[in-house]
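1. Got a predicted structure here, sequence first:
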Amino acid sequence: MMERRVDVKIVCGKNLLGMDMSGKSDPYVEVYQGSELVHKTGKKKSTLNPEWNEQFQTGEAGLLTFKVIDRDFPRDDFMGQAQLDLAEIGLNRSEEFTLYLKPGKDEKLAKKAEKKNKSLGLIIVRVSTHGGKTDPAEDDSAMKCFIETVSNTSRKSSRAFSAESDISEPTGIVHIVLVQARGLIPSDPKDNINAFCKVSLGSKKKKTKIIPESLNPKWREGVDLPWFKGQDDFIEIFIHDYKDGGEKSDQVGRAFLNLRELEPEVSHNMWVPIKDRLEGNYTFDAQESILLGNTSESLLDIEREGELNMIVTISGLVDTREDAIMQEDAEQFQKRFALSDTLSDLGDVGHLTVRVIRAEGISPEYVWKRNPFTVLQVGNSRVQTKEHMGTVTPQWNKTFQFDIKDVYEVLEVTVFDDNGDYNYEFLGKIQIPLLNIESGKERWYRLKDKNLRQSAKGEAPRILLDMKFHFNSIRASSCVFKAKNIRYEENSTSKFEYAKFKLNARRMKKIKQNLNLQKQKVINIFQWEDPLISFCALIIMSSVIWNFDSWMIPFSLVLVLSLQIVQPLQNSSGSLTSFTSVDDEDAAEDNADTTDNVDGGMMDALERLQQRALWMQEGMGELANAVESLENVFNFTVPFISWFIYIFLIACTCLLWLIPLRVLVLFWLLNRFRKGLMRRSRTSNKLSNFLSRVPDNEELKNYQELLGPGVEVRSGSLFRLRRRATKDSNII
C-alpha cells in the first residue's frame with residue numbers, strides 16, 4: 001500500500017531557444033531526482049513549442065531537475081534546465097507549474113541567448129499528489145500502469161518497474177464531445193483562424209476537423225480515448241490554427257481536465273478555461289492597453305470568452321459497482337415524482353434506469369471474433385458497456401441510470417464491435433421514445449440497420465433490455481413549449497443525398513394529395529354532392545359565423561380530438577406498425593440508384609446544382625416534418641402529447657369564454673413591448689417548440705419494432721393494396 005504517490009506530467013514547452021541553423025530545435029526532456037534519471041520524454045521534431053504530454057510517477061518527495069535537450073548530430077545540445085521541489089507541495093493536491101529555463105553552468109548557452117536577445121523559454125509541468133490510505137487494488141493498478149509512460153518513441157528510465165506488467169486493459173473509456181470554443185486569438189495579426197483540436201490521453205491522440213475562419217469554432221465532434229487510471233489522469237487539449245498550404249500549425253490555446261474529479265457513468269457538460277490564449281500573439285499600444293486594462297478576459301467582449309465547451313463521460317468501466325447499490329427503490333421514485341410534490345423541483349422531470357442484459361443473433365466475423373459492446377444515449381448523456389470479448393452472444397448485465405429533463409427524448413441503443421485500437425464497426429441500433437417504454441418489463445428488441453428501416457445483419461439480431469421509467473406528468477407538461485435540447489455531437493455534416501431528396505419529395509407529394517383530398521371534400525359540400533351533408537353544413541356554418549366568439553377556435557380543435565377519442569380503437573394497437581412500408585413502392589428504385597461519373601469540366605456546375613438541391617432537400621424535409629408532426633398531434637400517435645393538448649385546448653376554451661379576445665391580444669402586445677424595453681432576449685416560437693416534441697412519420701418508423709418476416713411482408717402488401725385502391729376510387 002502506497003502512503004505517498006506523486007504523478008508528474010510534462011505538458012509542453014513554450015518559446016524555446018532555436019539551436020539548429022533553421023532556427024528550430026528537436027527538444028526532449030530528461031528528469032533527474034538527485035543524480036538518478038527518472039524519466040525521459042520523446043523527441044519533438046522541428047519546433048520551439050513542443051507538446052510532450054508525458055507522465056511519470058514517483059513516491060519520493062525531493063528536488064526534481066528538468067533538463068531540456070536538443071537532439072542533434074553528432075551530439076545533443078543543452079537548452080536549459082529548471083527545478084521543482086516536490087516537498088513544498090501538499091498532499092492530495094493538483095497544481096500546474098510554469099518553470100522558466102535557466103542556463104545553469106553553461107556559459108555558451110547563456111551567451112547564445114543574450115546574442116539573440118531571447119530567453120530560454122519555459123516548460124509547463126503538472127503535479128498531482130496522493131497521500132493516506134488508498135485502495136490496494138488501485139495502487140497495484142497504478143504501479144502496473146507506470147511501467148512506461150505515455151509516448152510513441154522509445155525512452156529509458158532507471159526506475160525499477162517490472163517490464164512484464166500487463167497494461168493492455170484500460171480502466172474505462174472516456175468519450176469527449178468537443179462542442180465549441182469562444183474567443184480564440186489568432187497566432188499572428190489576422191481576423192480569423194482555422195481551428196482544430198489535438199486531444200490526448202495517455203498514448204492515444206485524436207484530432208478534430210478543421211473549422212475554417214472562425215474565432216468561435218463549433219466542432220460538435222466526439223472522440224473515444226482509453227483511460228488507464230494512474231498512468232495519465234489528465235485530458236490534454238491543444239487548440240491549433242491550421243496554416244493553409246502547409247502541414248504546420250500554430251498553437252492558440254490549451255485546456256486540460258482531471259478525470260479523477262469526475263463522477264463515472266455521468267455525462268459532464270462543462271466550460272473549461274483556455275490557457276495561453278494571448279501569449280506571444282499580439283502587442284498593444286498604450287491606448288489599447290488602457291482600454292483592455294492589461295487583461296485578456298474582455299478583449300473580444302463576448303460571452304464565455306476564452307473558454308472551451310465539452311461533454312465528458314467515463315464509462316465502460318472494469319471495476320463496476322453493484323447494481324443494487326446504484327438503484328433506488330420504487331417507493332423512493334414514487335415519492336420523488338409524486339404529483340403532490342410537483343413544486344419541490346420542477347427541473348427534476350424523470351428518471352430512467354436501463355439494464356442491458358444480453359444480445360443474440362449478431363452477425364459473426366468471417367475470420368476474427370466479435371467484441372461487442374453497447375452504447376446508450378439520451379440527449380447529450382452517453383454511456384457504454386464494457387466489450388464482451390470473442391462472442392456473438394454477449395452478456396453484459398450492466399445497469400445505467402439517466403436523470404431525465406425532457407420526457408420527449410429518445411433512448412438510442414447501438415451495438416458496436418471493437419475491432420481493436422478502438423476502431424468500431426456498427427452491428428445494430430434501435431430508438432425507443434421514453435414515453436413508449438414499458439416500465440419494469442424485460443423485453444427483446446430487434447436490432448435495425450443504420451437507416452432504422454430493416455433488420456441488421458445476422459440471424460434476426462436482438463437485444464434484451466429491462467427498463468424502468470418514472471416521471472412527473474405536470475413537470476413534463478411544463479416543458480412542452482420550451483426549446484428542445486440540442487444534441488451537440490453531430491455524426492456527419494449535411495450534404496446532398498439523392499435518396500433523401502427523393503424521400504422528402506414523396507413525403508411532400510403525399511401531403512399535397514391529402515390537402516387536395518380535403519379541398520375536394522369542401523368543394524363537394526358547396527356543390528351539394530350530398531344534399532343532407534350540405535344542408536347540415538349550411539346550418540352549422542351560418543350559426544357559427546353569426547355567433548362567432550374566440551372560444552370557438554380551441555373548441556373546434558377539442559372536437560377534432562374528441563372524435564379521435566370516441567372512435568373505435570382501430571389504430572391504438574398499431575400506431576407505429578402502420579408505418580411499416582410507407583415507401584415500399586420506391587424501395588427498389590432507391591436501391592437501384594447509383595452515382596454517375598461526371599466529367600471534370602462540369603464539376604463546378606454540378607456543385608452549384610447540388611447546393612441548390614440541398615436547400616430544396618432540407619426545406620422540403622423541414623416542411624414535411626412540421627406537417628406530419630401537426631397531423632400526429634390529433635391522431636393520438638403519442639397519447640401523452642395528444643392528451644396534454646386536449647386538456648390545454650379545453651383550458652384555452654374556458655379562458656377565451658371568460659375573457660374577451662381583445663383583452664388577451666392587448667396583454668400580449670404590452671408584454672412584447674415590455675420585453676423589448678427591458679432588452680430581453682428573443683423568445684423562441686412556442687408552436688415550433690411544441691411540434692419538435694411530436695415525432696413525424698419518419699421518426700415513428702424509426703421507433704417501430706421489427707416483427708417476423710411473414711408479418712412484415714403481409715403488412716407491406718396490405719398497405720400497397722390500400723394505397724392503390726384509393727387512386728381510382730372515384731365513380732364516373
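-> Yep, it's here. Residues are numbered from 1 along each chain as shown.

2. Helix, strand or coil: sort out residue 92 for me.
-> Following DSSP: H, G, I helix; E, B strand; the rest coil, the label given to residue 92 is coil.

3. brain fart, residue 504
-> helix.

4. wait, what's in contact with it?
-> Residue 504 makes contact with 617, 620-621, 624 under the criterion Cβ atoms under 8 Å, 6 or more residues apart in numbering. Heads up, the C-betas are built off the backbone N, CA and C, glycines and all.

5. so where do the strands sit in the stretch 301-450 of the chain?
-> 307-315, 350-362, 372-378, 381-384, 395-404, 410-418, 424-433, 441-446 (DSSP state E, counting those that start in this stretch).

6. Am I right that residue 485 is in a strand?
-> No - with three-state DSSP as the criterion, residue 485 is coil rather than part of a strand.

7. you'd agree it is up against residue 380?
-> Yes - if you go by Cβ atoms under 8 Å, residue 485 and residue 380 touch, sitting 7.0 Å apart.

8. In terms of neighbours, single out the busier of those two.
-> Set residue 485 next to residue 380 and count neighbours by other Cβ atoms under 10 Å: residue 380 wins out with 17 against 14.

9. And the closest residue to residue 226 other than its chain neighbours, its phi and psi?
-> Using Cβ to Cβ, 6 or more residues apart in numbering and skipping the chain neighbours, the partner closest in space to residue 226 is residue 170 (3.7 Å). Here is the backbone geometry of residue 170 (degrees, to the nearest 10): phi -70, psi 160.

10. ok, back up a step: now for the strands of the stretch 301-450 of the chain, which one comes closest to residue 641?
-> Taking Cβ to Cβ, strand 424-433 is the member of the strands of the stretch 301-450 of the chain nearest to residue 641, at 10.4 Å.

11. Please save the CA atoms from that closest one in CSV.
-> Provided in CSV are the C-alpha atoms of strand 424-433 (Å, rounded to 0.1, in the frame of the first residue of the first chain):
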residue,chain,number,x,y,z
TYR,A,424,-15.7,0.4,-34.1
GLU,A,425,-17.9,-1.5,-36.5
PHE,A,426,-21.7,-0.9,-36.5
LEU,A,427,-23.8,-4.0,-35.6
GLY,A,428,-27.3,-2.7,-34.9
LYS,A,429,-29.4,0.0,-33.5
ILE,A,430,-32.8,0.8,-32.0
GLN,A,431,-34.5,4.0,-31.0
ILE,A,432,-37.2,4.0,-28.2
PRO,A,433,-39.1,7.1,-27.2
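
12. can you give me the end-to-end distance of stretch 669-688?
-> One end of stretch 669-688 to the other measures 20 Å (Cα to Cα, to the nearest Å).

13. Could I get the average pLDDT for it?
-> For stretch 669-688, mean pLDDT is 70.

14. ok so, going back, ok, of the contacts of residue 504, which one's closest to residue 549?
-> Ranked by distance to residue 549 (Cβ to Cβ), the contacts of residue 504 are led by residue 624 at 34.5 Å.

15. Just give the nearest non-adjacent residue to the closest one, would you?
-> Nearest one to residue 624, counting by Cβ to Cβ, 6+ apart, is residue 507 at 4.1 Å.

16. In contact with residue 651, which residues?
-> Applying Cβ under 8 Å, 6+ apart, no residues qualify as near residue 651.

17. Now do the buried residues in whichever strand or helix holds it.
-> Secondary structure assigned from DSSP states H and E places residue 651 in helix 639-658. Neighbour counts over helix 639-658 (16 or more other Cβ atoms under 10 Å) mark 640-642, 644-646, 648-650, 652-653, 656 as buried.

18. So which of those residues is the closest to residue 611?
-> residue 641 (36.0 Å).

19. sec struct for the nearest residue to residue 76 once chain neighbours are set aside, please.
-> Nearest non-adjacent residue to residue 76, counting by Cβ to Cβ, 6+ apart: residue 69, 4.9 Å away. Assigned with three-state DSSP, residue 69 falls in the strand class.

20. how far away is residue 69 from residue 373?
-> 43 Å (Cβ to Cβ, to the nearest Å).

21. repeat for residue 549
-> 61 Å.

22. More neighbours: these two, which one.
-> residue 373 (25 against 12).

23. neighbours around the closest residue to the more buried one other than its chain neighbours, how many?
-> Excluding its sequence neighbours, the residue lying closest to residue 373 (Cβ to Cβ, 6+ apart) is residue 387, at 4.0 Å. For residue 387, the tally of surrounding residues (other Cβ under 10 Å) stands at 20.

24. Report the contact partners of residue 125.
-> Residue 125 sits next to 8-11, 66, 84, 96-97, 99 when contact means Cβ under 8 Å, 6+ apart.

25. Now the buried members of those residues.
-> Judged by 16+ other Cβ under 10 Å, buried ones among those: 8-11, 66, 84, 99.

26. the longest helix in this structure is where?
-> In the chain, taking DSSP state H as the definition, the longest helix is helix 603-633.

27. tell me which strands and helices it is in contact with?
-> helix 498-526, helix 639-658, helix 686-693, helix 697-703 (3 or more Cβ pairs under 8 Å, 6 or more residues apart in numbering; DSSP states H and E).

28. that older thread, mark which of the contacts of residue 125 are part of strands, please.
-> 8-11, 66, 84, 96-97, 99 (DSSP state E).

29. ok, residue 227 touching residue 174?
-> Yes - if you go by Cβ under 8 Å, residue 227 and residue 174 touch, sitting 4.9 Å apart.

30. joint contacts of the two?
-> Taking Cβ under 8 Å, 6+ apart as the contact rule, residue 227 and residue 174 both touch 201, 259, 314.

31. Looking at the residues you listed, spot the one nearest residue 241.
-> Of the shared contacts of residue 227 and residue 174, the one sitting nearest to residue 241 (Cβ to Cβ) turns out to be residue 201, at 22.7 Å.
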